[in-house]
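**Q** Sequence isn't available, so here's the structure alone:
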Ligand code: AQP
């Protein structure tokens, strides 16, 4: 689908990414996305982070739970190191530019492109006649989330790679259709040892907030005891850890735990294998549990503290939304101009 980029990138580096408040944040969200978000912010790059509540409603959400999950995710971002003074942090529905550009991109994206999205197929399963139209259109809204800011780089987990290719295709087609070099062709930033954290119960399926089994994931709200128990009970095979990395091939559960250890410790998986070569899971799992508790417990405690003041969280999100709107509004207004929409209303 992706064509070679025709135009030179003339856009300043700007990072955008988001997470759905469709449940509590997991270790997968943390290692694949949130930890990267903090690193990018700390590198001094302009960073815009969004709790994509309009994406969450592509499957039905209980209103009270959605409100809670949005605040809790915001608390998770801040507890993990997102500084609302340095990054723009807000929830999507407060900035209407997203859905306006999302509709325009529904008219740019082709049915054939959308039909190839594997996440839709996975999420809809055999039930595709009964899922919402929004779930199908979701990747076009995701492209709008990113391009409403002319973001150039998007840190995500491995599962979002295909959606970012679609975002590139939408930008290229829009530019071509209207003879402009208006939108950047974004670069996915998929980095680190845990770009796809797998379920603790099944090393072949992704750790996910909506998995019916709570044992399959570590939640950022889990206490130390729960984290330790989940890791000790994680599914593994009976073999000790191998002497070399290639010994993890065809051992998805073992590979997953090694990758999680590496990502939490800030090492490479090869270093972890070197340190634990020949170790039984009876040794490795407690070491991983201790590391996970040491890294995650401070985040959990800070989240609990922040959640005691929901009004302050709402204030931070509102302020972030105003800053986001100031960037996105002129961009979307210019898109209307490019497309020939009359803009004569006095504001
Ligand atoms: N298991 C994972 N490993 C690495 N990265 C992950 N991400 C999600 N799960 C993993 C990354 O987190 C960011 C936000 O994802 P999302 O919440 O918007 O949607 P998702 O990818 O559909 O995540 P879930 O947990 O599976 O949500 P539900 O269950 O609601 O569908 C993205 O950058 C994603 O790559």
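**A** Looks like it came in fine. These numbers were taken from a predicted model, which means no experiment stands behind them.
**Q** Show me what the strand or helix carrying residue 312 is packed up against.
**A** If you go by DSSP states H and E, residue 312 is part of helix 310-339. Packing partners of helix 310-339 (3 or more CB pairs under 8 Å, 6 or more residues apart in numbering; DSSP states H and E): strand 46-51, helix 63-80, strand 88-91, helix 97-108. Every C-beta, even on glycine, is put in place using the N, C-alpha and C of the backbone.
**Q** okay, the ones you listed in a markdown table with distance to residue 323 next?
**A** Below are the helices and strands packed on helix 310-339 laid out as a markdown table (distance: least, CB to CB, whole Å):
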| stretch | distance to residue 323 |
| --- | --- |
| strand 46-51 | 9 |
| helix 63-80 | 15 |
| strand 88-91 | 5 |
| helix 97-108 | 13 |
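**Q** Dump these into a markdown table; add distance to residue 245, mean pLDDT and mean neighbour count as well.
**A** Shown next, in a markdown table, are the helices and strands packed on helix 310-339 (distance: least, CB to CB, whole Å; pLDDT from 0 to 100; neighbours: other CB atoms under 10 Å):
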| stretch | distance to residue 245 | mean pLDDT | mean neighbour count |
| --- | --- | --- | --- |
| strand 46-51 | 32 | 98 | 25 |
| helix 63-80 | 28 | 98 | 21 |
| strand 88-91 | 37 | 98 | 26 |
| helix 97-108 | 41 | 98 | 20 |
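**Q** Buried ones in the helix or strand hosting residue 165, by neighbour count?
**A** For residue 165, the host element (DSSP H and E) is helix 161-178. For helix 161-178, burial by neighbour count (16 or more other CB atoms under 10 Å) applies to 162-175.
**Q** ditto for stretch 189-206
**A** So, applying 16+ other CB under 10 Å, buried residues of stretch 189-206: 189-190, 192-203, 206.
**Q** cool, stretch 322-332 as well?
**A** Those would be 323, 324, 325, 327, 328, 331, 332, for stretch 322-332 by 16+ other CB under 10 Å.
**Q** before we move on, what about stretch 263-272?
**A** 263, 264, 265, 269, 272.
**Q** and that stretch with the ligand, contact?
**A** No - shown here: stretch 263-272 not in contact with the ligand (CB under 6 Å from any ligand atom), separated by at least 9.2 Å.
**Q** Up against the ligand, what does the stretch 51-200 of the chain have?
**A** 156, 157, 159, 160, 195, 196, 197.
**Q** What number of neighbouring residues does the residue lying closest to the fourth one once chain neighbours are set aside come out with?
**A** Okay, so that is residue 160. Leaving aside its sequence neighbours, residue 160 sits nearest to residue 188 (CB to CB, 6 or more residues apart in numbering; 7.3 Å). The number of residues packed around residue 188, counting by other CB atoms under 10 Å, is 18.
**Q** Please report how far residue 188 lies from residue 212.
**A** Distance of residue 188 to residue 212, computed by CB to CB, to the nearest Å: 29 Å.
**Q** Could you tell me the single residue of the stretch 151-300 of the chain that sits nearest to the ligand?
**A** Closest to the ligand within the stretch 151-300 of the chain is residue 157: 2.3 Å, counting by CB to the nearest ligand atom.
**Q** any idea how far the nearest residue to that residue once chain neighbours are set aside lies from the ligand?
**A** Among residues not flanking residue 157 along the chain, residue 32 sits closest, at 3.0 Å (CB to CB, 6+ apart). Noted for residue 32: a distance of 2 Å to the ligand, by CB to the nearest ligand atom, to the nearest Å.
**Q** show me where the chain has helices.
**A** 27-29, 35-42, 53-56, 63-80, 97-108, 111-115, 118-124, 133-147, 161-178, 224-232, 252-265, 269-276, 281-306, 310-339 (DSSP state H).
**Q** now those helices in TSV, with distance to residue 238?
**A** Shown next, in TSV, are the helices of the chain (distance: least, CB to CB, whole Å):
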stretch	distance to residue 238
helix 27-29	24
helix 35-42	31
helix 53-56	40
helix 63-80	35
helix 97-108	49
helix 111-115	42
helix 118-124	30
helix 133-147	40
helix 161-178	33
helix 224-232	15
helix 252-265	10
helix 269-276	16
helix 281-306	8
helix 310-339	46
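**Q** what's next to the helix-or-strand element of the chain with minimal mean pLDDT, contact-wise?
**A** Lowest by mean pLDDT, DSSP states H and E among the helices and strands of the chain is helix 118-124, with a mean of 92. With CB atoms under 8 Å, 6 or more residues apart in numbering as the test, helix 118-124 has contacts from 59, 114, 128, 131, 135, 136, 138, 139, 159, 162, 163.
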